[in-house]
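can you look at this prediction? I've put the sequence above it.
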Protein chains: 2
Amino acid sequence: MSEQKMVYQFSEGSKQMKSLLGGKGANLAEMSRIGLPVPPGFIVTTEACNLYFSRNKEIWPELEWEIEENLRRLEQQTGRLFGGTRPLLLSVRSGAVVSMPGMMDTILNLGLNQDTVMSLARETANHRFAYDCYRRFIQMFAGVVLKIDQYHFENMLHEIKQRRGVGSDAALTAEDLEQTAGLFLELVRRESGSEFPSDPRQQLTLAVKAVFDSWHTPRASVYRRNHRISDHLGTAVNVQAMVFGNMGEDCATGVAFTRNPSTGEDTLYGEFLINAQGEDVVAGTRTPRPLPELGQLMPEIYRQFTEISGKLEAHYREMQDIEFTIERGKLYILQTRTGKRTAAAAVKVAVDLVCEKVLSREEALQRVDPAQLEQMMHRQIDPGARLNVLAKGLPASPGAASGKAVFCADRAQAAAAEGEKVLLVRPETTPDDIHGIIAAQGVLTSRGGMTSHAAVVARGMGKPCVCGCDALRIDLVNNRFYIDDQEYAEGEVLSIDGSTGRVILGNVPLIDPELSPEFKEILSWADQIRRLKVRANADTPEDARRAIQLGAEGIGLCRTEHMFMEKSRLPVVQRMILAVALEERLEALAELLPMQKNDFKGILREMAGHPVTIRLLDPPLHEFLPDRDHLLLEVDRLRREKGDMELLRQKESLLQMVRSLTEMNPMLGHRGCRLGIVYPEIYRMQVEAIFAAAVELLREGLAPEQLQLEIMIPLVGHNGELVRMKQEVEQSAAAVLREAGCELPYLIGTMIELPRACLVADQLSESAQFFSFGTNDLTQTTLGYSRDDAEAKFLPFYIQQKILKENPFMEIDREGVGQLVRIAIEKGRQTRPDLKLGICGEHGGDPVSVAFFHEVGLHYVSCSPYRIPIARLAAARAVLDA
Amino acid sequence: MSEQKMVYQFSEGSKQMKSLLGGKGANLAEMSRIGLPVPPGFIVTTEACNLYFSRNKEIWPELEWEIEENLRRLEQQTGRLFGGTRPLLLSVRSGAVVSMPGMMDTILNLGLNQDTVMSLARETANHRFAYDCYRRFIQMFAGVVLKIDQYHFENMLHEIKQRRGVGSDAALTAEDLEQTAGLFLELVRRESGSEFPSDPRQQLTLAVKAVFDSWHTPRASVYRRNHRISDHLGTAVNVQAMVFGNMGEDCATGVAFTRNPSTGEDTLYGEFLINAQGEDVVAGTRTPRPLPELGQLMPEIYRQFTEISGKLEAHYREMQDIEFTIERGKLYILQTRTGKRTAAAAVKVAVDLVCEKVLSREEALQRVDPAQLEQMMHRQIDPGARLNVLAKGLPASPGAASGKAVFCADRAQAAAAEGEKVLLVRPETTPDDIHGIIAAQGVLTSRGGMTSHAAVVARGMGKPCVCGCDALRIDLVNNRFYIDDQEYAEGEVLSIDGSTGRVILGNVPLIDPELSPEFKEILSWADQIRRLKVRANADTPEDARRAIQLGAEGIGLCRTEHMFMEKSRLPVVQRMILAVALEERLEALAELLPMQKNDFKGILREMAGHPVTIRLLDPPLHEFLPDRDHLLLEVDRLRREKGDMELLRQKESLLQMVRSLTEMNPMLGHRGCRLGIVYPEIYRMQVEAIFAAAVELLREGLAPEQLQLEIMIPLVGHNGELVRMKQEVEQSAAAVLREAGCELPYLIGTMIELPRACLVADQLSESAQFFSFGTNDLTQTTLGYSRDDAEAKFLPFYIQQKILKENPFMEIDREGVGQLVRIAIEKGRQTRPDLKLGICGEHGGDPVSVAFFHEVGLHYVSCSPYRIPIARLAAARAVLDA
């Protein structure tokens, strides 16, 4: 069947062969190739893995034979025999192209059985060491291959220690460990119903199968989905001769980063344990020692290691994460890989490597993941703060938040209404909890993963969220919760860090994000490369100021409705809406005019010299009116009481108005330019306010070219709407400018947020001087999703079930929405080749979407101020990755 | 400037020159050409009209000169002089390509003044006749040219008659009429502030201008919009020598149809008045006599007229509407045009003309307007019934309805809730009245035109509506209404006929529409020509039976939710929805299964041999739950009363459920296949019910090929949805068929109702064996309109303001929605060339839309049963008009 080579010796591979050998294997091969001390071994390829699945999970004879061949060469290289009297022992590890949680990690000491363990004891003259290896091997193999729960073994070991009256594993004697191994074998027999496989070759085959099978564990699948890794890559299997860090005091094992993974500082960073196997470093039963101490204990080895670590970083031109073992005074490197790091460290390492002339600026930009930068752009826990970290869950939605733990959405809403800060803490959330999520500072759940309801909804709302915190147990009946057996009452103040998954007791000091000098440096390189301009969505002078600080080159969306919502203005706005006669409405508008004018003045002043796109009023009018349910109950009460009949009549007519403005589907209702057409006086007031503000600024000394006004008409679907609104805007603007005796050029354009607008873009661009894609609404209409409803109802399920790859409100739906965007651009340019093109939906801050917008040839993206650095970097990446 | 000929003698034109000469002018020319007795005259062209508007409504010298030229030729032909002692008098009439209300009609006797009236008196030796002509001319000219209200003249004439102590105009003497003319001239001076123009040439110029100006009256504009007539056609002006039907007893005037315009019967039909001018026939002051009586009075003239009328019908190959005048024993034909007729008459005339071998079948089909057939497809007033017609308004939405007149939407709703039939009677309606319109049998308004709120909303809902009934006056304060000074109380039973605009006192007997033999005949011709199949939207066996009777070739949309809404089932459905555990839901579904099975059985039996497309559950679940406001108030009451705590808890949890299912935008919410994916058990039950029904029918003896099942998945936007649902359907169907040991082929397809579905149609057609365009929802999403909200709020305004040409929910939006339909067809066929394509939105019954669906190559349209004949005819017309 397969004529292909399925197994490679380390010496036959290189780092270029990642997709065939997996990341781990390719690096082991590479290190062998450049002469580093790597224990010999071989790699079963990812292609073998794929073939295994296409053969219904059967290992076929040719593969067995190839493994046997390589095993024999390994025996020759080590001078040992697999299952022999000088036994060859193996470590077996998975090796996908990208390592991922949920994949089988490692089986050490494979090849041991009742015979070889005695050979090992004889050979090393260390009975205790041999049986320690054996009992560890049985437990690991039973766990990862035979799927027997680890706690059985732990309980048993615990019992044995109690019976022996000792506190630590180290205090167990050789005989204790021999007995432990025997009991473990019995445990396996009992739990699995069959004997522990004693044939080393059978052990190896089963281990290889287990590695393959782990490719399709649910956790690995979820991880791949989240990280957009294809299911068809498969995993390799790394088989390597064992070396032992636990043969005595001249042995050790450890891990190291070539730079500090938290800060990016250029110092070797790591830890080690004397006389231990790799797993001990992770297990936390003994406290590892910081790496520099190795220099005192084994100066020559330490020198050798620092040399190798420098060599590796230079060779890979990237910060490395290295595993090493020292066996009887000899250093072995067991693994090297790109070191995972915080966003801050990623930025610093990249910039430093440029300064060290290791990387070009372009390469450095490609080393920083724009999406990862998001964690730097949220409010964070003060790194200097002392934290009482109770537990860790999944970092489901970035940012930090503190508040009283509340278990029920209704109570959360009630408490928030009284001004309390709350965290919604639930086993998991459902659509019924939406009002609680809205009311809460953040969400913490004990169950559910990165695509659970809570996670998706919180990310959608930009709220911090920690999910699947297993250590947390909530007792909904008695209003108590437990973390590691410690009891807390509902109402206890907790903090969560959605960027790391930490759950912390009490309030924590939060700090605003700030750009490090390295961050600024790398952004300045990005600015030189990117072609897309980056603007901000900003509605206030404060937003505008922050946006400029973060590198905005203008405002792409200034929403005027937020100005209407301000507490002191709402009554005037309501009066305007409820006006029966035009005259009344005009009066209320006249009152609003100076307020809006001052808003615009503030924003335009901050943005002097940059373009500012102002969108005329967009939301349906009922958004400014009181709550309907509340009014209904009040009217009902007044009717029953039969007291203040005048008030009743007032409230009744208000209710009547609210009812008549209520819409079945407000998203598709009387809003956007549909308001502007039916109530032209509202838009007229807004345009007057804009130009009055501009005139005042001109009089205060601003040059006309510092005012780059772009008036944007929302929700246009038919050309007639735009033609009429453009005329209105031009007339109102001209009147203000004429009266002031000023001249001021400005642009009029439209948001493209309806499928129809895309389809008739050639007509629209006759009037529109710019298009700004409103991808939020365009996504809602193209997909027929109400975002509010979808994210609360079926969207999490859809993503979980892989019906959708991504939340289309976070990453643009290329196939559907993207296709319409392309149509609109093509048609728009047909009529007006110099049409200005931008996007102001939330996708403007999503790196994957930014790449798409670059690809289709927009001129700018606009996003919320804190996403501007992300967009700047993503825009540069889009150029480099093209 | 213009070198073009702007004025044509009748002898220079023909019926082919309609667009230049207008309909009336072209026919006058044609009749002259074929030698009929037409008084000579000339025509100012439509191009002159357009030029007039482009010159800011100024008559230019070249045009004046050309008119003068033609006037001179007219003087020669008649041997009279304009303004001379043997005065030439003129009739001036507008002449658009299509005649339309609101256009200036006619000025007779133009050319009279203080001098020429005396000449006329002398010439005819009939003083009374001359002054009668003069006072009529003054009044007409003052009304249509000088815009002086007619009631001034009528009041004055009334006074004169009172003063003289006479009852009718006829009793006034020559002196009385001379005095009347004088008083009229004074009246004009008073009202207009200047002298009545006495110069005949000035009179003519002013009249020509008035005709031109009338092209842009609001009423004419509205009419053009409704009838899709371009604003740029312009109107011609017909200037013709007067002939007089009012010179004595040997004179007469009348109108005639070559066939009966109500029934289509082949008999000359018309009426006449002895010694009268044309306006008298219309005015109703004297009762005209039926045409056959003319045969007794003037047998030779009558013979001559019947001959001419036969000649005209044969010449035009179409039923004619003819105006004639007899002046001193000589017959003149003043106009001929295609006779307006009822839909029934149109059908009969067309079929008869085929039998008479005048027309081919194809021509006959082109003579019947499918849209007009709609009036035959609504419940109609029994034509045999004696009616007390009180008034007439605009026929705004077809069909007839009876009910108590109610003036306020709230009261209408309340009365309807108690089972009363009501008509909502309002001066005009606003969005606040929607609930009243929904509750009422029909709507009657005293103000507003064919595009008023009431008209648009009622048409959208398919409710009868009569608008703009001027004779109706509503006193909202005292709950009374008046028609022609007769007082009625609110609550009086009225009937309206939305097809004719009649308002009738009391209940009227209604009859179901029925197809006449001629209608069936012409439909059978249509069936031979059309390429589009026609199916029905039918949800019950009764609907299905009716659909077959009306010629349906299958069911294109069977909505399963209507089966859920049935009163006895609703509690089970609610139990299913409110189920917390899956088991509970399954139990409720098991109860619903046999009910649905019987529904399907009935429908499939009726449709044996025809395809039946069944759509799985589509609407959001909250549509099946109780009203939220109602529940809210109930919970509030129970809380206050603190009585039945168990009931309170129940209601609270129901409210909670209703709230959690409530969506911001249900149209874009959790519905369609999104339900099927999250609650697969619902779709499973439905599929089981469908196939269980099929199995029972097979056992009862139906052949498998008589069951042509098409299962339709609604609201698909992503391929993953369809793939998964298809699998579900196939599994459930296979299970039922396997258990029964039956085999039955069937199709699985999807509705295309989201823009995204159109854009990824190439993916969808991998799984879908058919597409059915759901153009209602596709219009909502493509345009971003919520139909409920749009038709109640901005859509009437948009249509009035010409931002939209048509209601896009009635006539398909070709530019936007149509473009997506084309994209979907092209992409769908790329993957599956034999993809079955249909449409099941309401547009399936709209003739203009049907033409589009033919053009883009669909296989069938599906519409409500009563629209099937319309669709059949429209589909044939689409072939013929292509």
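Sure, I can see it.

can you map out the strands along the stretch 451-600 of chain A?
Taking DSSP state E, counting those that start in this stretch, the strands of the stretch 451-600 of chain A run over residues A:465-467, A:472-475, A:480-483, A:486-489, A:493-497, A:502-505, A:510-511, A:533-537, A:555-559.

and of these, who's closest to chain B?
strand A:555-559 (18.1 Å; C-beta to the nearest C-beta). C-beta here means a position set from N, CA and C on the backbone, and glycine is covered the same way.

give me the sheet partners of that closest one and which way each runs.
Strands that pair with strand A:555-559, judged by DSSP bridges, come out as strand A:533-537 (parallel), strand A:611-615 (parallel).

out of those strands, the one nearest B:Gln801 is which?
strand A:611-615 (22.6 Å; C-beta to C-beta).

give me the three-state assignment for A:Gly643.
A:Gly643 carries the three-state label coil when classified by DSSP: H, G, I helix; E, B strand; the rest coil.

give me the distance between it and chain B.
Per C-beta to the nearest C-beta, to the nearest Å, A:Gly643 is found 16 Å from chain B.

ok, A:Ala170 next?
Taking C-beta to the nearest C-beta as the measure, A:Ala170 falls 52 Å from chain B.

highest average neighbour count across the strands paired with strand A:555-559?
Most buried of the strands paired with strand A:555-559, by mean neighbour count (mean count of other C-beta atoms under 10 Å in any protein chain shown): strand A:533-537, with a mean of 28.

just the CA coordinates of that strand, formatted as CSV?
Provided in CSV are the C-alpha atoms of strand A:533-537 (Å, rounded to 0.1, in the frame of the first residue of the first chain):
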residue,chain,number,x,y,z
LYS,A,533,-4.7,53.9,7.6
VAL,A,534,-6.1,53.3,11.1
ARG,A,535,-8.8,55.5,12.5
ALA,A,536,-10.8,55.4,15.7
ASN,A,537,-14.4,55.0,16.6
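
ok so, going back, for the strands of the stretch 451-600 of chain A, which has the smallest mean pLDDT value?
Least confidently modelled of the strands of the stretch 451-600 of chain A is strand A:510-511, at a mean of 83 by mean pLDDT.

give me the low-pLDDT residue ranges for the stretch 251-400 of chain A?
Scanning the stretch 251-400 of chain A for pLDDT under 70 picks out A:281-285.

redo the strands of the stretch 451-600 of chain A as JSON lines? Include distance to A:Phe771.
Converted to JSON lines, the strands of the stretch 451-600 of chain A look like this (distance: least, C-beta to C-beta, whole Å):
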{"stretch": "strand A:465-467", "distance to A:Phe771": "35"}
{"stretch": "strand A:472-475", "distance to A:Phe771": "48"}
{"stretch": "strand A:480-483", "distance to A:Phe771": "51"}
{"stretch": "strand A:486-489", "distance to A:Phe771": "54"}
{"stretch": "strand A:493-497", "distance to A:Phe771": "40"}
{"stretch": "strand A:502-505", "distance to A:Phe771": "44"}
{"stretch": "strand A:510-511", "distance to A:Phe771": "39"}
{"stretch": "strand A:533-537", "distance to A:Phe771": "14"}
{"stretch": "strand A:555-559", "distance to A:Phe771": "12"}
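
and those, which is most packed in?
Mean neighbours per residue, mean count of other C-beta under 10 Å, is largest over those for strand A:465-467, with a mean of 32.

how far does the one helix or strand A:Arg639 maps to sit from the chain's center?
Per DSSP states H and E, A:Arg639 falls inside helix A:628-641. Chain-centre distance of helix A:628-641: 46 Å, with C-alpha atoms, centre = their mean, to the nearest Å.

thinking again about what came up before, make a markdown table out of the strands paired with strand A:555-559 and add distance to B:Gly857.
Converted to a markdown table, these look like this (distance: least, C-beta to C-beta, whole Å):
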| stretch | distance to B:Gly857 |
| --- | --- |
| strand A:533-537 | 44 |
| strand A:611-615 | 41 |
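
out of the ones you listed, which comes closest to B:Leu570?
strand A:611-615 (44.6 Å).

run the angle between the longest helix along chain A and strand A:555-559 for me.
Using DSSP state H to define each element, chain A has its longest helix at helix A:582-606. Angle, helix A:582-606 to strand A:555-559, by axes from the mean of the first three to the mean of the last three C-alpha atoms, to 10 degrees: 150 degrees.

what's helix A:582-606 packed up against?
helix A:541-549, helix A:561-565, helix A:570-578, strand A:611-615, helix A:680-699 (3 or more C-beta pairs under 8 Å, 6 or more residues apart in numbering or on different chains; DSSP states H and E).

most packed of those?
strand A:611-615 comes out most buried of these by mean count of other C-beta under 10 Å, with a mean of 25.

state the next helix or strand along the chain beyond the helix or strand bottoming out on mean pLDDT in chain A.
Every helix and strand of chain A was ranked by mean pLDDT, DSSP states H and E. The lowest is helix A:278-283, at a mean of 68. As assigned by DSSP H and E, the chain's next helix or strand after helix A:278-283 is strand A:289-290.

just say helix, strand or coil for the closest residue to chain B within the stretch 51-200 of chain A.
Taking C-beta to the nearest C-beta, chain B has its nearest neighbour within the stretch 51-200 of chain A at A:Phe53, 20.8 Å off. Following three-state DSSP, A:Phe53 is assigned to helix.

contacting residues around it?
Counting by C-beta atoms under 8 Å, 6 or more residues apart in numbering or on different chains, A:Phe53 touches A:Phe212, A:Trp215, A:His216, A:Gly234.

ok and the longest helix of chain A relative to helix A:570-578, angle-wise?
Using the same axes, to 10 degrees: helix A:582-606 against helix A:570-578 is 130 degrees.

could you give the angle of helix A:582-606 to helix A:541-549?
30 degrees.
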